[in-house]
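> Below is the sequence, then the predicted model.
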2 protein chains.
Amino acid sequence: MTETAPRPTLEAVAARAGVSRATVSRVVNGSDGVREPLAERVRRAVEELGYVPNQAARSLVTKRHDAVAVVVAEPETRVFADPYFALQLRGISQELTAHDNQLVLLLTEGREDYARVGRYLAGGHVDGALVFSLHLDDPLPGLIQRAGVPTVFGGRPGWNDGSRDVVYVDSDNRGGAREAVRHLAGLGRTRVAHITGPLDQTSAVDRLDGFRDVMADADPRMVVTGDFTPGGGERAMRELLDRCPDLDAVFAANDLTASGALRVLRERGRRVPDDVAVVGFDDMLPVAEQTDPPLTTVRQGIEEMGRLMARLLLRGLDRPADDPGAPRLRVTRPAGPGARLSPPATRA
Amino acid sequence: MTETAPRPTLEAVAARAGVSRATVSRVVNGSDGVREPLAERVRRAVEELGYVPNQAARSLVTKRHDAVAVVVAEPETRVFADPYFALQLRGISQELTAHDNQLVLLLTEGREDYARVGRYLAGGHVDGALVFSLHLDDPLPGLIQRAGVPTVFGGRPGWNDGSRDVVYVDSDNRGGAREAVRHLAGLGRTRVAHITGPLDQTSAVDRLDGFRDVMADADPRMVVTGDFTPGGGERAMRELLDRCPDLDAVFAANDLTASGALRVLRERGRRVPDDVAVVGFDDMLPVAEQTDPPLTTVRQGIEEMGRLMARLLLRGLDRPADDPGAPRLRVTRPAGPGARLSPPATRA
DNA sequence: CCCGGGCCCGAGAGCGCTCTCTCCCGCCCG
DNA sequence: CGGGCGGGAGAGAGCGCTCTCGGGCCCGGG
């Protein structure tokens, strides 16, 4: 804990350079119209005094904060248990700092925090928000929209009506799931089971839909609800084996789930992939199990999603609000099929 | 992306309530000395207009930002691969929001970002910083101290000289390691090996020191350098088995390492714990392997460390800078021995 | 040589808030 | 009954910056 010395002001720099505040401001903000010798004198003064603009004073007049909130509406510790979000966060951070924006992190511990978040966003402390809230009935998105803050969502928000103007970034969960299941079918598997994610999340629902797209006539007992965790995968796999001992393939809603399923299969003496083929969904990196290169591409993809979110938000911010050329777009980023399919298959 | 309406100002509230700005300010900031009927009128006006104070204007005069930076100086993706940091972050977030402070997250991608971070901190955008930088030769801590921002470090900074006034929060790595190794010795193991963490991190060094405290006369070949990852654990375990096939216990520098070691032991047909006993260091939760209750306490401990960091920082901020009663303290939080030892032992 | 037009630069007015200082009013005590 | 005192409310001066506006200077053209 050191002492913060009184920082030099624009005024001080102006005095030292023998010019007016306005001129210093022009130089500092890179606007042209200052003749070189003068500009140079100002720059030297800035340097000598170690001048750094006071952001508070600046945003007081510009009404810009160069800060973006990242809201994580996930009470569970689970968000942290997998690197998925962390990677997106990293991508977001990269993109934001590339545009000199700060990242204000808002974690919520249950809905009692929502009011606080709403107040903060409505308070105009940030220029925009990136929101992760993947639960179907979550009030947060609505709350945020009402706060009037430009927002980009991570993952498809769980609203049934398509009428809302919403910008979101998501991977192609349904299409990816379809490909995964078709892959299994292509291997000649006929009794394919599915361990879902928690069905109050759109990603889990979409993956289930993708499964059903291909396995329309599947035995309903072949679908068991999981929760995106290894433990859930274990539980579900046990139930599946009890119900349908003759299954020959499993599509797990994510890799963590797949890892749990694999453990149970091994425990029950099933050979993988000879007896049972397993495919996961490579949004997540099974940390403790794999660090192989094959996953790298997907991890990049996740970061890229984060970057994309940030980019979309910043682009929206740069544009005057009533710009008709600002389409309310929905962005869907497909996950690369190759990267998604191969690693679990080979691992299994 | 919705529109942000022009927000009501103090002035507007004052007009509506028929009082002066000063009075509204007093009410809003909860200072006493406003008679109840008036105060009530002001409160109603605030409510009706949906007034939210403009933070920029406020900090312009108070010089407080109610914001704290969290700096993560870890270029590797690895930080995100384990939940250790995420849990601390969560604890920090809880404590900060409890005191109405915002969390500004500064991630660095290598040292080229350090200048940016330094500039930001020196720019007085935040009241303080929580810094995670566990590498021995890292220039960041010095840079930050020079920026004159009150700082609390996560993990013992790697300075050799104890002369610096530094506040940090860390677990008792050395003591914990000692206990772990003693535990193994207590089981009658005599050929105890150690897989270290990356030795440019103080936590790894401290754990190694703890190991040596107990196993002073250990065969130097019984110590192999790891990197806190499962992959590193595998590599190290293979090397250990090749070098000293007769080892009967392994102390792994963390749980991720332990999980890798376990896999190799199983692969090589060693029975655990009959042939080889394994103890990890429970700072981290091996996500994909365990979700058992025993680890819960430790996870709480990690969050608590985060909370402690935030609390120390905020306490320092509340205090006038030259307060003689503000001791430059070092805080060391011991990890609970029971929680640390039992799960790996039982798991193994 | 004089006038018009740029181009630079400085003056000054705020942005929305806090906080001190002053003023006013009511009450208590002599 | 009057003066002093104290507490509650308002006036006003900034905090450090941006940005508009106007004035000065230099140039070219008539």
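That came through, no problem.
> Please count neighbours and contacts with C-alpha atoms only from this point.
Noted.
> mean confidence score for the helix or strand containing A:Glu47?
Under the criterion of DSSP states H and E, A:Glu47 resides in helix A:36-49. The average pLDDT within helix A:36-49 is 92.
> Same question for stretch A:308-320.
Here the average pLDDT along stretch A:308-320 is 84.
> List the contacts of it.
By C-alpha atoms under 8 Å, 6 or more residues apart in numbering or on different chains, the residues outside stretch A:308-320 that reach it are A:92, A:95-96, A:127-130, A:150-154, A:168-169, A:326, B:1.
> How about stretch A:213-224?
Applying C-alpha under 8 Å, 6+ apart, the set of residues contacting stretch A:213-224 from outside is A:178, A:181-182, A:191-196, A:212, A:236, A:239-240, A:243-244.
> So which of those are in helices?
A:Arg178, A:Val181, A:Arg182, A:Arg212, A:Ala236, A:Glu239, A:Leu240, A:Arg243 (DSSP state H).
> Now, of the residues you listed, which are buried?
Among the ones in helices among the contacts of stretch A:213-224, those classed as buried by neighbour count (16 or more other C-alpha atoms under 10 Å in any protein chain shown) are A:Arg178, A:Val181, A:Arg182, A:Arg212, A:Ala236, A:Glu239, A:Leu240.
> Need phi/psi at the nearest residue to the first one once chain neighbours are set aside.
Right, A:Arg178. The spatially closest residue to A:Arg178, leaving aside those adjacent along the chain, is A:Gly210, at 4.7 Å (C-alpha to C-alpha, 6 or more residues apart in numbering or on different chains). The phi/psi pair for A:Gly210 (degrees, to the nearest 10) reads phi -60, psi -40.
> ok, then the element right after the helix holding A:Glu47?
helix A:55-62.
> quick one, that next one and helix B:55-62 angle?
Per axes from the mean of the first three to the mean of the last three C-alpha atoms, to 10 degrees, the angle that helix A:55-62 makes with helix B:55-62 is 130 degrees.
> which secondary structure element contains A:Val278?
Under the criterion of DSSP H and E, A:Val278 resides in strand A:277-279.
> Who are the packing partners of that strand?
Packing contacts for strand A:277-279, counted by 3 or more C-alpha pairs under 8 Å, 6 or more residues apart in numbering or on different chains; DSSP states H and E, involve helix A:173-186, strand A:249-252, helix A:255-267, helix A:337-347.
> And it, how far out from the chain middle?
Its chain's C-alpha centre and that of strand A:277-279 lie 26 Å apart, by C-alpha atoms, centre = their mean, to the nearest Å.
> That strand - which strands sit beside it in the sheet, and in what orientation?
strand A:249-252 (parallel) (DSSP bridges).
> Mind jotting down where the helices sit in the stretch 51-200 of chain A?
All helices of the stretch 51-200 of chain A, identified by DSSP state H, counting those that start in this stretch, fall at A:55-62, A:78-81, A:83-98, A:114-122, A:140-147, A:173-186.
> what about the helix holding A:Glu47 and DNA strand C, touching?
Yes. Using C-alpha under 7 Å from any atom of the strand, a contact is recorded between helix A:36-49 and DNA strand C, made by A:Leu38, A:Ala39.
> can you pull the buried residues of that helix?
The neighbour-count criterion (16+ other C-alpha under 10 Å) identifies A:Leu38, A:Ala39, A:Arg41, A:Val42, A:Arg43, A:Ala45, A:Val46 as the buried residues of helix A:36-49.
> Which elements pack onto it?
When contacts are defined as 3+ C-alpha pairs under 8 Å, 6+ apart, helix A:36-49 packs onto helix A:10-17, helix A:21-28.
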